[in-house]
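Enquirer: Using only what follows, build the 3D model:
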Amino acid sequence: MLTKRFEGSFLGDAARLAPNAVLECKICWHVYDPAVGCDYWQVPAGTPFAALPEEWRCPKCDGARDQFMVIDTDGEAPVRAPSSASPADDPRLTALAAAMPARFEAAFREIHVGQMRGVPLLNETLEVKAIGFRPHGERVLGMLVTPWFMNLVLVPGPDEDWSALVPGAKEIIAFPSGEYEFVGANRPETGPYKACSLFSPMFDFTSMLQASETARAALAALFDPAHREEGDRSDDIRRARLAAVEAEHASAQDEEAPPRQERAPAAAAPTRRALIFGAGLAAGPENGQGSGA
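Expert: Alright, predicted model coming up:
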């Protein structure tokens, strides 16, 4: 569901665009105006959208160019989404969005190196990477990729107090594409946050580039109503997919080395909750320590 790409109002065909076309990112509402250019990518004024460098992405949210929609082609004031008063214009929120990737990467790289050696759920072709962190309403939203999971991450804004957030507590949060189950977490390096598991384990990915592109596509799809399902089925779909992946992986291991079933028992491996939130926050039905999430 998350691999489908949105292709803006020009259907991904730059030949459809007028040289003076003004476009707006459908994820964060950043506007590209040819008359202004793009300082971030050092694109000079007068450069049409179709002539932007091949590697150009949204300078605000790192969204792909096919996530932009035409909002003006005749030089008149464009009709835009009501973003002028958006909390995303708050410099404190922008600074927080810029700071969070380094915090999450440092925290989970330490976990990878210090706590994950020998864990069978690791895909060692991958690394820890925070992708696409940007203001979302009064909060910060991004994607965290590790060798053992890919999670949506939601961080409180500067005016919110999540100090009472209960690790493991579940909450349904709505996006244009549907409703998703987030789980509370809290780490000294990052502070409190909420995470939604999209992929775990990560054996479907053969390279970091593939995982990164999937993360960016998932962030874009999150805001596309075309992906909305009837009712809240996101958690059921995710669990069914996880069960299928785990079954395929277990079957492949059995075929390759049947006599090696006497290795460390499955119970010795950390639970999904422990891998994502740390052993100290792993209490819940998965490890028999209570009914909390």
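Enquirer: Now do the helices in this protein.
Expert: Using DSSP state H, the helices of the chain run over 91-115, 208-222, 234-256, 272-277.
Enquirer: Least reliable of the ones you listed by average pLDDT, please.
Expert: With a mean of 36, helix 272-277 has the lowest mean pLDDT of the helices of the chain.
Enquirer: Quick one: end-to-end distance for stretch 24-37.
Expert: Length of stretch 24-37, first residue to last, C-alpha to C-alpha, to the nearest Å: 13 Å.
Enquirer: Quick one: residues contacting residue 97.
Expert: Shown in contact with residue 97 (C-beta atoms under 8 Å, 6 or more residues apart in numbering): 133, 134, 135, 140, 142. The way it works is simple: take the backbone N, C-alpha and C, and place the C-beta from them, glycine included.
Enquirer: where's the last one relative to residue 222, distance?
Expert: Same thing as residue 142. 11 Å (C-beta to C-beta, to the nearest Å).
Enquirer: The third one now?
Expert: Applying C-beta to C-beta, the value for residue 135 to residue 222 is 14 Å.
Enquirer: Next: the first one.
Expert: Computed as C-beta to C-beta, the residue 133 to residue 222 distance reads 13 Å.
Enquirer: More neighbours: which of those two?
Expert: For the pair residue 133 and residue 222, the greater number of neighbours falls to residue 133 (25 against 21), based on other C-beta atoms under 10 Å.
Enquirer: With adjacent residues omitted, what lies nearest to the more buried one?
Expert: Once flanking residues are discounted, residue 133 sits nearest to residue 142: 3.2 Å by C-beta to C-beta, 6 or more residues apart in numbering.
Enquirer: The one you found and residue 150 touch, don't they?
Expert: No - in this structure residue 142 lies outside contact range of residue 150 using C-beta atoms under 8 Å: 11.5 Å.
Enquirer: Sketch out the low-pLDDT regions of the chain for me.
Expert: Applying pLDDT under 70 to the chain flags the ranges 1-15, 72-89, 227-293.
Enquirer: where do the strands sit along it?
Expert: Secondary structure of the chain (DSSP state E): strands located at 22-25, 31-32, 68-72, 129-136, 139-145, 150-155, 170-175, 178-187, 191-199.
Enquirer: okay, the ones you listed in a markdown table with distance to residue 104 next?
Expert: A markdown table is the format used below for those (distance: least, C-beta to C-beta, whole Å):
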| stretch | distance to residue 104 |
| --- | --- |
| strand 22-25 | 23 |
| strand 31-32 | 28 |
| strand 68-72 | 27 |
| strand 129-136 | 5 |
| strand 139-145 | 5 |
| strand 150-155 | 7 |
| strand 170-175 | 19 |
| strand 178-187 | 9 |
| strand 191-199 | 8 |
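Enquirer: and residue 94, which of these is closest to it?
Expert: If you check each of those against residue 94 by C-beta to C-beta, strand 129-136 wins as the nearest, at 6.4 Å.
Enquirer: That closest one - contacts with which helices or strands?
Expert: Counting contacts by 3 or more C-beta pairs under 8 Å, 6 or more residues apart in numbering; DSSP states H and E, strand 129-136 packs against helix 91-115, strand 139-145, strand 150-155, helix 208-222.
Enquirer: hang on, residue 45 packs against residue 39?
Expert: No - using C-beta under 8 Å, residue 45 is not in contact with residue 39, being 9.8 Å away.
Enquirer: show me what contacts the residue nearest to residue 182 when sequence neighbours are not counted?
Expert: Distances taken as C-beta to C-beta, 6+ apart put residue 194 closest to residue 182, at 4.0 Å, once the chain neighbours are dropped. Listed by C-beta under 8 Å, 6+ apart, the contact partners of residue 194 are 153, 154, 165, 171, 173, 182, 183, 184, 185.
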